[in-house]
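Colleague: Have a look; sequence and predicted model below, questions after that.
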Amino acid sequence: MDILLITLGAICIFIGVLGSFVPVIPGPPLSWIGLLLLQYTNIVAFSPIFIGVTGVIALLATLLDYYLPVLGTKKYGGSKGGVWGAIMGLLFAVFFPVFGPLGFLIWPFAGAFIGELSQQKNQKNALRAAWGSFVGFLAGSLIKLIISMAYAGLFIQQLLG
């Protein structure tokens, strides 16, 4: 049973790290589920406080990730069109990796810019709002990546230690 739980936990950790970049995958919560599955093996015994705190952190990171692009867009004078454009650009980068890993930077920005232009903005204002949405998206992705990688590190450390 331990092997099954460890395998499922490792899959959750891996998909959780991937979810740091893909908006439809909740990265930190999946990584946390990987830690939770490891908790139920005979190998590891995390404290209930540890499991609770890491769960709250995963939840807060996920909620913050939805808020940061909106905050960045609003801070730079943008609209919901810019936020949705950035999300669509990211999905385009996932399914059509034209620029490889750089696509994760290029397409959300381009999507935010196009989304802002669709809201009847001039190019200067659209570019500024697109930048804000892009910065918010990057900040959210970075936070999710740090948390998911930390959970992956804890997972590996517990298995090896």
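Modeller: Ah, there it is.
Colleague: pLDDT-wise, which helix or strand of this structure ranks last?
Modeller: Using mean pLDDT, DSSP states H and E, the weakest-scoring helix or strand in the chain turns out to be helix 80-95, at a mean of 82.
Colleague: contacting residues around that one?
Modeller: Helix 80-95 has contacts (Cβ atoms under 8 Å, 6 or more residues apart in numbering) with 21-24, 69-70, 73, 99, 103-104, 106-116, 118-119, 126, 129-130, 132-134, 137. The way it works is simple: take the backbone N, C-alpha and C, and place the C-beta from them, glycine included.
Colleague: same question, stretch 118-132
Modeller: Applying Cβ under 8 Å, 6+ apart, the external contacts of stretch 118-132 come out as 72-79, 81-82, 85-86, 109-110, 112-113, 115-117.
Colleague: Flag every buried residue along that stretch.
Modeller: Of the residues in stretch 118-132, those buried under the neighbour-count criterion (16 or more other Cβ atoms under 10 Å) are 121, 125, 126, 127, 128, 129, 130, 131, 132.
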